[in-house]
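Peer 1: fold the following and give me the result.
(2 chains)
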2 protein chains.
Amino acid sequence: MVISHSTAKIAEAVREYEGVKRKHDIGGMVRAFQIDAPQVVASFGEDAAVIKQDQNALLLAADGIWSRLMEVDPYWSGYCAVLVNIHDIAAMGGRPLAMVDVFSIADRTICDQVIRGMRDASLQFGVPIVGGHLHPDTPYSVIDLSILGIARLDSVIYSHTAAPGDHVIVAIDLDGRVHPSCALNWDSVTMKTGAYVRAQISLLQELAEAHLVTAGKDISNPGVIGSLGMMLEVSGMGAEIRVDAIPRPDLEKFNLSFEHWVRMYPGMGFVLTARPEHIEEVCRRFSAVGMTACVIGEVNASSSLTLTGADETVTVFDFAADGIMRLTSQ
Amino acid sequence: MVISHSTAKIAEAVREYEGVKRKHDIGGMVRAFQIDAPQVVASFGEDAAVIKQDQNALLLAADGIWSRLMEVDPYWSGYCAVLVNIHDIAAMGGRPLAMVDVFSIADRTICDQVIRGMRDASLQFGVPIVGGHLHPDTPYSVIDLSILGIARLDSVIYSHTAAPGDHVIVAIDLDGRVHPSCALNWDSVTMKTGAYVRAQISLLQELAEAHLVTAGKDISNPGVIGSLGMMLEVSGMGAEIRVDAIPRPDLEKFNLSFEHWVRMYPGMGFVLTARPEHIEEVCRRFSAVGMTACVIGEVNASSSLTLTGADETVTVFDFAADGIMRLTSQ
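Peer 2: Residues are numbered from 1 along each chain as shown, chains lettered A, B, ... in the order given. You can find the predicted model right below:
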């Protein structure tokens, strides 16, 4: 495979990726729900909603699995449903407490495999599934999960708080594989012990309580640059990032192009911002739990995300003209 | 329409109703999820899971809408998704705090109507929708909601705590209509003010904090007798109930048979147990918020639910032979 490095091509691959484009409809939905509740500290645009309860932040999130993944690998779909929910809480600096599911089943074999995947991930990460709702008679198979987490109210990592001058850090566990069922999933988790992945999840809470980062988000389907773009969009900021700084596995070994890599769901990955004086400590702590953390650029007040490669600098997203989630316009 | 009152026919109508039978698969699913977490006080079998957090009980529940309802009335589906989640928290004696959704959309028109229903219910009941996940590109339309609530840990209403000698109370708001889209839904909510329905929801928390009831559950798709059956099943108890004592609207006016009425989702209905000395006070308080509460029978240690009509006494469920949710067998 030719390993392409045209910066414009990378930017286009990210921008036109369905994992990014399918976020466009979020804004319209958010505007439909008017929230007038004093206990709600943060909601849409964050990985989890934040509900104030005394000195605690109760964190509530929900995630479903893309139907295409359900079709190709029900076990991995069940596993991922748990994984992405746990990431939503970790990204907020929280401790995951419990999950509930809504499960619609058209096919018994699919059902059993999904449940096996959910159970394995639940046991590995130590987050119980405590209830939910079962539709045993639907014409489709869908698994939706919701998660409750908790953090100290003064130690929440938000998406909307990136500020000019902050450095952008990407942290990914590069010790993994391309998932055999899904070329767009980097699996760094299924082969690890519970202790190993729990240390990675706990680290985010430790970073939050030490106030070492200014903003953060888990890297999900939109990939590393798409997820950064979503974080910048809710922060009302822009950033300049560098192609060569983005952490990556041995692309040749895995026969991956860089355009493909930046669109992958990385299994265990976060994009964060931090003040320059905290970079070294943040990266050191990620390294200690087996994750590669690198500064890939800097936040600015420009409202566009630019990517600099060997050949040129291109704009990936111009939030003033067109957002990813389109939270505030239209 | 002939108003039939054969007790055996009523028992069969309840037992063979799909809203009841589709609960049979829950047990297998529950057994797949091993829960070994000290913070989880209660989980499957309850309307919401109970997670201990200091002196509070965090309540987490999830519910989806039956696909058949989505097909006939997307607005009412969205409204009901919110309603049933709020009932799950109320039934536990909790205060609903916030909801998150996972929404899969195949059709834009359906989407807009579902969102309108969700928003209207959210505003009416004063419980915000604070986040979630959107699949804009699925071959099906599904709305799943999850809810977070809170109660005092010493004032939770559980399903599994009904005890011999307790009286069974059914409380329903009979001031309503058969929903025009769904003959199995009794709608007592859409035409009421926010203050009215919020007082009904709050009452359950007041009953819990005054320790006036011993167990409780919201009346959902399995109807009044089916929901009581589920509560008795998790309590490991039986009960004797009387046909004539079950509260009902003017059946002739609404052209409803009694067999039909007992299978209906009542919009705002709870089945509770209480010690005999608290019955009067419980019923008085329900009456004060516009709900009809009646003692319909008594809990016993028999593990079967029997129904006595004018003609005979029949067994509706024999939990020793065959459960509804089948939580402990097979």
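Peer 1: which parts of the stretch 151-300 of chain A are strands?
Peer 2: Remark: strands assigned in the stretch 151-300 of chain A by DSSP state E, counting those that start in this stretch are A:167-172, A:177-178, A:186-187, A:215-218, A:238-242, A:269-274, A:292-300.
Peer 1: show me what the longest one is packed against.
Peer 2: The helices and strands touching strand A:292-300, judged by 3 or more Cβ pairs under 8 Å, 6 or more residues apart in numbering or on different chains; DSSP states H and E, are strand A:167-172, strand A:238-242, helix A:279-288. No exception for glycine: its C-beta is placed from N, CA and C like everyone else's.
Peer 1: which of these sits closest to chain B?
Peer 2: In terms of Cβ to the nearest Cβ, the element of the helices and strands packed on strand A:292-300 nearest to chain B is strand A:167-172, at 22.1 Å.
Peer 1: state the mean pLDDT of that closest one.
Peer 2: Averaging pLDDT along strand A:167-172 yields 98.
Peer 1: contacts for that strand?
Peer 2: With contacts defined as Cβ atoms under 8 Å, 6 or more residues apart in numbering or on different chains, strand A:167-172 is touched by A:186, A:188, A:213, A:219, A:224, A:228, A:239, A:241, A:246-247, A:266, A:268-276, A:279, A:282-283, A:286, A:291-299.
Peer 1: if you set the cut-off to 7 Å instead, what comes out?
Peer 2: Identification of contacts with strand A:167-172 by Cβ atoms under 7 Å, 6 or more residues apart in numbering or on different chains yields A:224, A:228, A:239, A:241, A:246-247, A:266, A:268-274, A:276, A:279, A:282-283, A:286, A:291-299.
Peer 1: among the strands of the stretch 151-300 of chain A, which comes closest to residue A:44?
Peer 2: The minimum distance between residue A:44 and the strands of the stretch 151-300 of chain A falls on strand A:215-218, with 13.4 Å, by Cβ to Cβ.
Peer 1: list the helices and strands that closest one packs on?
Peer 2: helix A:74-91, helix A:223-235, strand A:269-274 (3 or more Cβ pairs under 7 Å, 6 or more residues apart in numbering or on different chains; DSSP states H and E).
Peer 1: show me which positions of stretch A:202-209 end up buried.
Peer 2: A:203, A:204, A:205, A:207, A:208 (16 or more other Cβ atoms under 10 Å in any protein chain shown).
Peer 1: and what of stretch A:273-292?
Peer 2: Those buried within stretch A:273-292 under the rule 16+ other Cβ under 10 Å are A:273, A:274, A:278, A:279, A:282, A:283, A:285, A:286, A:289, A:290, A:291, A:292.
Peer 1: could those go into CSV alongside distance to residue B:12?
Peer 2: Output for those, formatted as CSV (distance: Cβ to Cβ, whole Å):
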residue, distance to residue B:12
A:273, 64
A:274, 66
A:278, 69
A:279, 70
A:282, 65
A:283, 68
A:285, 64
A:286, 63
A:289, 59
A:290, 60
A:291, 60
A:292, 64
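Peer 1: how close does residue A:320 sit to residue A:148?
Peer 2: From residue A:320 over to residue A:148 the distance is 36 Å, taken as Cβ to Cβ, to the nearest Å.
Peer 1: let me fix that: residue A:36
Peer 2: 23 Å.
Peer 1: who has more neighbours out of the two?
Peer 2: residue A:148 (29 against 8; other Cβ atoms under 10 Å in any protein chain shown).
Peer 1: am I right that that one sits in a strand?
Peer 2: Yes: counting by DSSP: H, G, I helix; E, B strand; the rest coil, residue A:148 falls inside a strand.
Peer 1: isn't it up against residue A:60?
Peer 2: Yes: the pair residue A:148 / residue A:60 is scored as a contact, 6.0 Å apart, by Cβ atoms under 7 Å.
Peer 1: what pairs with residue A:53 across the strands?
Peer 2: residue A:56 (DSSP bridges).
Peer 1: could I get the buried residues of stretch A:202-209 in a markdown table, plus columns for distance to chain B?
Peer 2: Output for the buried residues of stretch A:202-209, formatted as a markdown table (distance: Cβ to the nearest Cβ, whole Å):
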| residue | distance to chain B |
| --- | --- |
| A:203 | 21 |
| A:204 | 18 |
| A:205 | 16 |
| A:207 | 22 |
| A:208 | 18 |
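Peer 1: I'd like the distance from stretch A:176-196 to the chain centre, please.
Peer 2: 15 Å (Cα atoms, centre = their mean, to the nearest Å).
Peer 1: list the buried ones in it?
Peer 2: Result for stretch A:176-196 [16+ other Cβ under 10 Å]: buried residues A:176, A:178-179, A:182, A:184-190, A:192, A:196.
Peer 1: and the two most separated of those residues?
Peer 2: Largest pairwise distance in the buried residues of stretch A:176-196, by Cβ to Cβ, is 23.6 Å, between A:184 and A:196.
Peer 1: from what I see, residue A:324 and residue A:230 are in contact.
Peer 2: Yes: the criterion here is Cβ under 7 Å, and residue A:324 meets it with residue A:230 at 5.3 Å.
Peer 1: got TSV for the helices and strands packed on strand A:292-300, with distance to residue A:92 too?
Peer 2: Shown next, in TSV, are the helices and strands packed on strand A:292-300 (distance: least, Cβ to Cβ, whole Å):
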stretch	distance to residue A:92
strand A:167-172	15
strand A:238-242	21
helix A:279-288	16
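Peer 1: can you give me the domain boundaries for chain A?
Peer 2: A:7-24+A:158-318, A:47-153 (automatic domain parsing).
Peer 1: any chance of those domains in TSV, with distance to residue B:53 too?
Peer 2: What follows is the domains of chain A, written out as TSV (distance: least, Cβ to Cβ, whole Å):
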stretch	distance to residue B:53
domain A:7-24+A:158-318	16
domain A:47-153	7
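Peer 1: least confident of those, on average?
Peer 2: Of all these, the minimum mean pLDDT falls on domain A:47-153 (a mean of 90).
Peer 1: endpoints of it, how far apart?
Peer 2: Terminal residues of domain A:47-153 are spaced 16 Å apart (Cα to Cα, to the nearest Å).
Peer 1: again, but for stretch A:251-262
Peer 2: First-to-last residue span, stretch A:251-262, Cα to Cα: 11 Å.
Peer 1: just give me how far it sits from the chain centre.
Peer 2: Taking mean C-alpha positions (Cα atoms, centre = their mean), stretch A:251-262 and its chain are 20 Å apart.
Peer 1: what comes up buried for it?
Peer 2: A:256, A:257, A:258, A:259, A:260, A:261, A:262.
Peer 1: quick one: the helices in chain A?
Peer 2: A:7-15, A:18-21, A:26-32, A:67-72, A:74-91, A:108-125, A:194-209, A:223-235, A:258-261, A:279-288 (DSSP state H).
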